[in-house]
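Asks: sequence and predicted structure, then a few things I'm wondering about:
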Amino acid sequence: MKKLSFLFLIISTVIYSQKFKIDTLLTDKISIRAIQLWDGKVWYAGTDSKFGFVNMKDKSDKKQILLSDKKLQFRTLAQNNKDFYTASIESPAQVFKINKQKLGYLIISDVFPKTTFYDSFIFDKKNRGLLISDPDSLNSPLFKLYSVRKLSEANLNLPKYFPGEAHFAASNTNVATYKDEVWIATGGAKARIFKFNWKNPYKWEVFDTPFTQGTSSQGIYSIDFYDTNFGIAVGGDYTKQADNSNNIATTSDGGRTWEIQASGQNAGYMTCVKFRPKTKGKEIAAVGDQHISFSSDYGKTWTKISDEKNLYACEWADKNTLILAGKDKIIKMSFFSDIAEVVVTPVKLNRKKIKVNADDTY
């Protein structure tokens with residue numbers, strides 16, 4: 001006969017919740033649709049020719065300058081190693097180059113067509129830039145490429161638009177880059193993706209999407225790519241901001257095909273989307289005029305985490321700091337994890353000895 005001891009262990013479950021606090025970094029009479037982060041500061045360009053910065057850790061450290069004595073509107077902002085760039089939406093368009101160190105600026109003397117309306121401006125890590133305008137009256141693109149090598153723009157073989165197809169100047173994020181890849185989103189009559197590679201900028205690809213589209217206010221407003229394959233697009237209809245049908249989509253093949261996510265189950269129209277750093281594409285933040293939303297499962301489901309309104313642009317400063325800007329303000333969201341609930345089985349240690357016979361009966 002032998003004896004067996006059974007030990008019943010304590011089982012516990014710890015549930016973590018995502019918490020955050022909001023700090024207002026800047027208030028001003030301004031509409032901001034484009035921001036850049038550099039040197040610990042939030043840099044912005046907006047209405048009334050205003051350009052400036054505010055320190056993310058010390059909001060008393062700030063400065064603002066006027067780039068023109070005219071009340072120009074800037075909806076774009078880009079940076080490379082030495083300078084910031086922004087373009088006005090008025091006709092004729094003006095492109096400003098601002099030195100990062102001294103904040104001196106000059107107007108780039110390119111000749112732009114009267115139909116030019118610049119929606120976004122971006123530089124990648126290799127200082128290659130792309131300035132994107134709505135198409136002209138003949139539905140021809142008005143892209144301006146700034147490359148480390150000279151390009152023959154007359155031979156770029158740029159994609160053609162459908163009548164009524166264009167871009168949205170919502171948050172300077174209708175374009176995304178990863179390494180040598182570039183993606184550009186459209187909206188209006190069609191919601192599509194234009195794609196090229198900087199190694200061969202003369203070859204462009206165009207992909208359809210199942211995104212909401214068909215009217216001038218519908219389509220893709222913002223895109224972001226985690227790597228060469230996985231990307232996300234958000235948008236909707238800014239005239240019907242509660243409409244949440246077919247306004248979020250993801251791709252796993254570099255933009256060739258797109259899958260609608262959370263249709264009818266999100267907070268509605270969105271203007272900016274960004275992958276959270278160091279989460280391998282799993283966590284994503286998005287902002288709309290009426291909400292801030294968050295996904296923790298690669299964009300499949302979404303939770304509205306704030307009713308903060310009138311925000312258009314967003315950018316992660318680091319894994320736990322999200323910067324947002326919009327009408328009359330720039331804010332900082334600081335995220336931290338907190339234990340919301342601990343579920344523990346009754347504390348019981350039950351040791352029971354059982355006699356077992358030689359024939360394994362008991």
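Replies: On my side now, so go ahead.
Asks: how many neighbours does Ala267 have?
Replies: If you count neighbours by other Cβ atoms under 10 Å, Ala267 ends up with 23. In short, each C-beta sits where N, CA and C put it, glycine included.
Asks: and it, what element?
Replies: Per DSSP states H and E: Ala267 is located in neither a helix nor a strand.
Asks: next one: it from Ile89, what distance?
Replies: According to Cβ to Cβ, to the nearest Å, Ala267 stands 28 Å off from Ile89.
Asks: ok, Ile223 next?
Replies: Taking Cβ to Cβ, one finds Ile223 at 21 Å from Ile89.
Asks: ok, Ser252 - contacts?
Replies: Asn229, Phe230, Glu259 (Cβ atoms under 8 Å, 6 or more residues apart in numbering).
Asks: which ones are touching the closest residue to the first one other than its chain neighbours?
Replies: What sits nearest to Asn229 in space, not counting adjacent residues and going by Cβ to Cβ, 6 or more residues apart in numbering, is Gly254, at 5.2 Å. When contacts are counted by Cβ under 8 Å, 6+ apart, Gly254 is found next to Glu181, Lys195, Thr228, Asn229, Gly231.
Asks: now the buried members of those residues.
Replies: Glu181, Lys195, Gly231 (16 or more other Cβ atoms under 10 Å).
Asks: so Gln36 bridges to which residues?
Replies: In this entry, Gln36 is beta-bridged to Trp43, by DSSP bridges.
Asks: now do the contacts for Val287.
Replies: Ser171, Met270, Thr271, Cys272, Ser293, Leu311, Tyr312, Ala313, Cys314, Leu324.
Asks: can you rerun that using 10 Å?
Replies: 171, 222, 234, 267, 270-274, 293, 306, 308, 311-314, 322, 324-326, 333 (Cβ atoms under 10 Å, 6 or more residues apart in numbering).
Asks: and the contacts of Ser252, which is closest to Tyr238?
Replies: Proximity of the contacts of Ser252 to Tyr238 (Cβ to Cβ) peaks at Glu259, which lies at 23.2 Å.
Asks: so that closest one touches Lys300, yeah?
Replies: Yes - in this structure, Glu259 is within contact of Lys300 by Cβ atoms under 10 Å, at 9.4 Å.
Asks: shared neighbours of these two, which are they?
Replies: Counting by Cβ under 10 Å, 6+ apart, the residues touching both Glu259 and Lys300 are Ile248, Thr250.
Asks: which among the contacts of Ser252 gets closest to Val42?
Replies: Nearest to Val42 among those, with distances taken as Cβ to Cβ, is Phe230, at 27.2 Å.
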